[in-house]
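Asks: Below are the sequence and a predicted model; questions follow.
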Amino acid sequence: NAGVTQTPKFQVLKTGQSMTLQCAQDMNHNSMYWYRQDPGMGLRLIYYSASEGTTDKGEVPNGYNVSRLNKREFSLRLESAAPSQTSVYFCASRIGQVDYGYTFGSGTRLTVV
Amino acid sequence: AQRVTQPEKLLSVFKGAPVELKCNYSYSGSPELFWYVQYSRQRLQLLLRHISRESIKGFTADLNKGETSFHLKKPFAQEEDSAMYYCALSKPGGGSRLTFGEGTQLTVNP
């Protein structure tokens, strides 16, 4: 049982390049989330998907787009990367109806130069 | 709006000493509160939830609605407790998103 799987683990982009961060969960969870983690700022919600077929903005959505491809997969796209998007990105999921907290992926460390 | 504040970014204690990581929240209702832990370069893990009133790895946390706090405590810190700790809040009922605090980096010195 893999839980929440994120790819890639590391990525270096040049300013203006685009990329997609992939996230998949095998726990049949309804809700999925993308957070970014920055020193001194904790985790901030970028986008989330409460259920398959729905997506909503979080606290810091600018510069990002998401796709809930199916119940398992939730991808995060940077269309034109900026140095301010250098961060560690975490995907998470939760079952939705019963509150047992989130299950997190191992993170993607992204550097934009 | 819901908000979580962890006033200490860094906390350093000696092995065997008591430790308390502070968490204050603002929410107009009865939130659900959590502590998450992140060991060096690992994924975040759920440490405990206030609704279960459990003790995990010797840690406990009590919800104080009057002071709107959910401080994490351990009577005798161990070196393996060194990690980043995040307090988080969600609306009751499940299905809602978590709001995290800024995190506290705990270092337990030998």
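Replies: Yep, it's here. Numbering: from 1, shown residues only, chains lettered A, B, ... in the order given.
Asks: Chain B contacts on chain A?
Replies: A:30-31, A:33, A:35, A:40-45, A:48, A:50, A:58, A:90, A:92, A:94-102, A:104-107 (C-beta under 8 Å from any C-beta of the partner chain). Every residue, glycine included, has its C-beta placed from N, CA and C.
Asks: which of the residues you listed are buried?
Replies: A:30-31, A:33, A:35, A:42-45, A:48, A:50, A:58, A:90, A:92, A:94-95, A:99, A:101-102, A:104-107 (16 or more other C-beta atoms under 10 Å in any protein chain shown).
Asks: Which strands and helices lie in contact with the worst-scoring helix or strand of chain A on mean pLDDT?
Replies: The weakest-scoring helix or strand in chain A, judged by mean pLDDT, DSSP states H and E, is strand A:103-104 (a mean of 92). Judged by 3 or more C-beta pairs under 8 Å, 6 or more residues apart in numbering or on different chains; DSSP states H and E, the packing partners of strand A:103-104 are strand A:87-94.
Asks: thinking again about what came up before, sheet partners, orientation included, of the least confident helix or strand of chain A?
Replies: Applying DSSP bridges, strand A:103-104 is found paired with strand A:87-94 (antiparallel).
Asks: and chain B, which of its residues are near chain A?
Replies: B:6, B:9, B:32, B:34, B:36, B:42-46, B:49, B:51, B:86, B:90, B:92-95, B:97-103.
Asks: And the residues you listed, which of them are buried?
Replies: B:6, B:32, B:34, B:36, B:43-46, B:49, B:86, B:90, B:94-95, B:97-103.
Asks: out of these, which are inside strands?
Replies: B:32, B:34, B:36, B:45, B:46, B:49, B:86, B:90, B:99, B:100 (DSSP state E).
Asks: quick one: contacts for the closest residue to residue A:60 other than its chain neighbours?
Replies: Computed as C-beta to C-beta, 6 or more residues apart in numbering or on different chains, the closest residue to residue A:60 that is not its neighbour in sequence is residue A:44, at 5.0 Å. Applying C-beta atoms under 8 Å, 6 or more residues apart in numbering or on different chains to residue A:44 gives the contacts A:35, A:36, A:37, A:38, A:58, A:59, A:60, B:100.
Asks: Pull the number of nearby residues for residue 89.
Replies: This is for chain A. Burial of residue A:89 is recorded as 22 neighbouring residues (other C-beta atoms under 10 Å in any protein chain shown).
Asks: you looked at the wrong chain, it should be chain B
Replies: Neighbours of residue B:89 (other C-beta under 10 Å): 23.
Asks: now the residue positioned nearest the centre of chain A: how far from chain B?
Replies: For chain A, the residue nearest the mean C-alpha position is residue A:34 (2.9 Å; C-alpha atoms, centre = their mean). As judged by C-beta to the nearest C-beta, to the nearest Å, residue A:34 and chain B stand 11 Å apart.
Asks: Specify the beta-bridge partners of the closest residue to residue B:49 other than its chain neighbours.
Replies: Nearest residue to residue B:49, sequence neighbours excluded (C-beta to C-beta, 6+ apart): residue B:34, at 5.3 Å. On the basis of DSSP bridges, residue B:34 is bridged to residue B:49, residue B:88.
Asks: ok, residue B:34 - contacts?
Replies: A:101, B:46, B:47, B:48, B:49, B:50, B:87, B:88, B:89, B:90, B:98.
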